[in-house]
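Participant: no FASTA, just this:
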């Protein structure tokens with residue numbers, strides 16, 4: 001009981017010293033915006049999109065490393081047959097990384113335009129990976 005009383009007293013003293021609810025505003029300006037403000041909603045969507053895309057690229061990198069290990073284990077003949085495709089895949093991954101950095105650095109207002117470009121590049125990257133993996137799987141069987 002004594003513990004609850006102290007907790008309630010601390011809360012009351014904390015709120016009693018506030019002249020307005022704005023005294024609890026976050027130093028981050030985006031956190032202080034009204035949740036019905038479209039910019040806040042856009043910012044939240046951008047944060048989720050960036051995290052999802054980062055997770056997607058990390059997953060791609062993990063799968064690609066596994067595939068490269070399989071290609072290396074299969075021998076030089078398979079590696080040589082995939083050289084051009086792997087170089088193109090590497091180029092697409094680099095492009096996706098650059099576009100991802102652009103989205104991360106973009107303003108809340110501008111990120112949507114960049115998002116479309118990044119989505120296209122990541123989809124192309126996934127398709128190119130799938131084509132290479134299919135060739136590796138066919139060779140492994």
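Facilitator: It's in. Predicted, not measured: the structure shown is a model, and the values here were computed from it. Numbering: from 1, shown residues only.
Participant: contacts, neighbours, all on C-alpha from now
Facilitator: Noted.
Participant: okay, now residue 104: neighbour count?
Facilitator: Residues near residue 104, counting by other Cα atoms under 10 Å, number 18.
Participant: Name the surrounding residues that touch stretch 74-82.
Facilitator: 71-72, 132, 136, 139-140 (Cα atoms under 8 Å, 6 or more residues apart in numbering).
Participant: starting at the chain centroid, how far to it?
Facilitator: Distance of stretch 74-82 from its chain centroid, counting by Cα atoms, centre = their mean, to the nearest Å, is 32 Å.
Participant: Buried residues, that stretch. List them.
Facilitator: With burial defined by 16 or more other Cα atoms under 10 Å, the residues of stretch 74-82 counted as buried are 78-79, 82.
Participant: and which of these is nearest to residue 124?
Facilitator: residue 82 (17.3 Å; Cα to Cα).
Participant: average model confidence for the strand or helix carrying that closest one?
Facilitator: Assigned by DSSP states H and E, residue 82 belongs to helix 76-105. In this model, helix 76-105 carries a mean pLDDT of 92.
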